[in-house]
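Asks: the following block contains a protein sequence and its predicted model.
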Amino acid sequence: MDIKFNKNEDHNKMLVSELKKRLGKVKLGGGQARIDKQHKQGKLTARERIAYLLDSDENSIEIGALVGDDMYEEHGGCPSGGVVVKIGHIKGKQCIVVANDATVKAGAWFPITAKKNLRAQEISIENKLPIIYLVDSAGVYLPMQDEIFPDKEHFGRIFRNNAIMSSMGITQISAVMGSCVAGGAYLPIMSDEALIVDKTGSIFLAGSYLVKAAIGESIDNETLGGATTHCEISGVTDYKAKDDKDALDTIKNIIDKIGDFDTAGYNRTKAIKPKFNSEELYGILPHQRTDQYDMRDIIARLVDDSIFEEYKKEYGQTILTGYARIDGWAVGIVANQRKVVKTAKGEMQFGGVIYSDSADKATRFIANCNQKKIPLVFLQDVTGFMVGSKSEHGGIIKDGAKMVNAVSNSVVPKFTIVIGNSYGAGNYAMCGKAYDPRLIVAWPSANLAVMSGNSAAKVLLQIEKASLKKKGEVITEAAEKELFDKIKNRYDNQVSPYYAAARLWTDAIIEPIDTRKWISMGIEAANHAPIEKDFNMGVLQV
């Protein structure tokens, strides 16, 4: 291995180390003291509940672990958005599990909590996955109620989704394992089946204090809405459990009786590991986001037997397209090539930039995958579309629009891995979050923004200088550098993959060597939902 490989490896492994450190902190939720308090109450934590419920916690994937990172600091923070979401198997059946983390503000709902819950339901709806809710929440976080209560994508949308999912035949099971109050009380009762844990679980529209204030009635919470009340008197819940594990065992038994899913029929054969060691990804990926590398070297360490059958290899070379298998699943790969390439006309094209010919190739390939019912995997390391008079006169906007159209109307499931840069319209064309990938994850090396921090700082600095010049002011060289650094530092923070993950612009930041697992789990989920419409690009200028 050469010195460049070693430097890359050291840098990327440091990024992974930072990721593990952040995830370790997040997994403590509201802190060890609150975890201990929950244990003293005879309750498992959200993560312990999920680990007990799943056949194998190690073979699961977590959605939005870093949601809320560095957000709501003035309110004490909200690790993981106060809710844990995982996709895994229960009695051999793939499910998605949503568990309130009562160690974080008693499981109260922040704005990002609602967004994460809605994302979990979206995954369930798209893939027709059974969804399990483990409820332990104090309800809406009142100091921020105006950001969570009334809008379309706020708290109430969850109950609307409960109803829609029920009509679609998607299994929903709820276990009330702690508080379940006010509007939140509708979630378990709008599920197909509801369990409640004796003595620790409670459901009511208003607690005892509010009841006393509202109508003058004096009553304790257990009598008002405990397990005995709802299992023996109101009939609101279907099962009474003696403790957390008993409730989770009941859920396992219910899931065990569910019939087989209809499948979409995506092609799968026996999985074969890549010929090349996946650990080498760390040495191949440059530590400088502007450096060149061959994306084929990345692909060779992600796909089965390192076999990648390229489509139109010599044409539109700044995007690679081709067929492969990942963990046995047939996939179509659309990847940004980061090498400078030479065209047949002897012209040089910049790596990571989408040109007219590469957009045209990608459009055709996406259409082919839709015709053949092959899931699509997008590997993003893109700085955007080519600009300048030559590109504009050559119709780059039209060719880019064709690619965006194909991505938008694709009916096969799409999965997006942000490896490096994800800038501008390149993010859109390569199936960014706005284009409904079933899952979108980032490596720790990822950058997501309109443009790089360096480029943005230069543009914003020029605007600032022009503004000062109009006022007759002159900026000194030292002041210019200070302003540039200030702008760049602010922008670099927003470009960070952690900034994106905190806001759920991506579903997770993952270790590169876990990429195969995420794609495989995603396609397995997608295979539960047969395609219900044909691929049609609509009206398009050809």
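Replies: Everything's here; your move.
Asks: tell me who's in contact with the nearest residue to Leu53 once chain neighbours are set aside.
Replies: Spatial nearest neighbour of Leu53, excluding adjacent residues (C-beta to C-beta, 6 or more residues apart in numbering): Leu248 at 4.9 Å. In short, each C-beta sits where N, CA and C put it, glycine included. Taking C-beta atoms under 8 Å, 6 or more residues apart in numbering, we find Leu248 in contact with 49, 52-53, 175.
Asks: those residues in helices, which ones?
Replies: Among the contacts of Leu248, the members falling in helices (DSSP state H) are 49, 52-53.
Asks: of those residues, grab the buried ones for ChimeraX.
Replies: ChimeraX command restricting these to the buried ones, with burial defined by 16 or more other C-beta atoms under 10 Å:
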select :49,53
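Asks: please report how far the residue nearest to Leu53 lies from Val85.
Replies: The spacing between Leu248 and Val85, counted by C-beta to C-beta, to the nearest Å, is 16 Å.
Asks: now Lys313
Replies: In this structure, Lys313 and Val85 are separated by 40 Å, where distance is defined by C-beta to C-beta.
Asks: higher neighbour count, the two?
Replies: Val85 (25 against 13; other C-beta atoms under 10 Å).
Asks: excluding sequence neighbours, find me the nearest residue to Ala501.
Replies: Here the residue nearest Ala501, using C-beta to C-beta, 6+ apart, is Leu66, at 4.1 Å.
Asks: the one you found touches Gly24, doesn't it?
Replies: No - with contact defined as C-beta atoms under 8 Å, Leu66 does not reach Gly24; the gap is 11.7 Å.
Asks: more neighbours, those two?
Replies: Neighbours were tallied for Leu66 and for Gly24 using other C-beta under 10 Å; the higher tally belongs to Leu66 (27 against 9).
Asks: with Ser234 as the reference, measure out to that one.
Replies: The spacing between Leu66 and Ser234, counted by C-beta to C-beta, is 39 Å.
Asks: what's the answer for Ala466, then?
Replies: As judged by C-beta to C-beta, Ala466 and Ser234 stand 68 Å apart.
Asks: strands along the stretch 201-350 of the chain, start to end?
Replies: For the stretch 201-350 of the chain, the strands defined by DSSP state E, counting those that start in this stretch occupy 202-204, 239-241, 309-310, 319-326, 329-336, 341-342, 348-349.
Asks: can you redo those strands as TSV with distance to Ile3, mean pLDDT and mean neighbour count?
Replies: What follows is these, written out as TSV (distance: least, C-beta to C-beta, whole Å; pLDDT from 0 to 100; neighbours: other C-beta atoms under 10 Å):
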stretch	distance to Ile3	mean pLDDT	mean neighbour count
strand 202-204	63	87	24
strand 239-241	60	96	21
strand 309-310	30	98	12
strand 319-326	27	98	23
strand 329-336	26	98	25
strand 341-342	25	84	14
strand 348-349	27	85	14
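Asks: nearest to Asn253, out of these?
Replies: Shortest distance between Asn253 and the strands of the stretch 201-350 of the chain, using C-beta to C-beta, is found for strand 239-241: 9.9 Å.
Asks: who does that closest one pair up with?
Replies: Strands flanking strand 239-241 in the sheet, each with its direction: strand 193-197 (parallel) (DSSP bridges).
Asks: now do the contacts for the residue nearest to Ala501.
Replies: In this structure, Leu66 makes contact with 22-23, 26, 80, 498, 501-502, 508-509, judged by C-beta under 8 Å, 6+ apart.
Asks: ok so, going back, state the distance from the residue nearest to Leu53 to Lys43.
Replies: 12 Å.
Asks: again, but for Ala175
Replies: Between Ala175 and Lys43 the computed distance is 12 Å (C-beta to C-beta).
Asks: kindly report the same for Ile170.
Replies: Distance, Ile170 to Lys43, by C-beta to C-beta: 28 Å.
Asks: so what's Asp360 closest to, chain neighbours aside?
Replies: For Asp360, the nearest residue in space outside its immediate sequence neighbours is Asp399; the separation is 5.4 Å by C-beta to C-beta, 6+ apart.
Asks: contacting residues for that neighbour?
Replies: For Asp399, the contact set (C-beta under 8 Å, 6+ apart) comprises 356-357, 359-360, 363.
Asks: for it, what is the enclosing helix or strand?
Replies: According to DSSP states H and E, Asp399 maps onto helix 396-409.
Asks: let me see the mean pLDDT of that helix.
Replies: Across helix 396-409, the average pLDDT comes to 92.
Asks: could you check the angle it makes with strand 329-336?
Replies: 160 degrees (axes from the mean of the first three to the mean of the last three C-alpha atoms, to 10 degrees).
Asks: buried sites along helix 396-409?
Replies: Along helix 396-409, the positions that meet the burial threshold by neighbour count (16+ other C-beta under 10 Å) are 396, 399-407, 409.
Asks: do stretch 243-263 as well
Replies: If you call a residue buried by 16+ other C-beta under 10 Å, then stretch 243-263 has these buried ones: 243-244, 247-248, 250-251, 254-255, 261.
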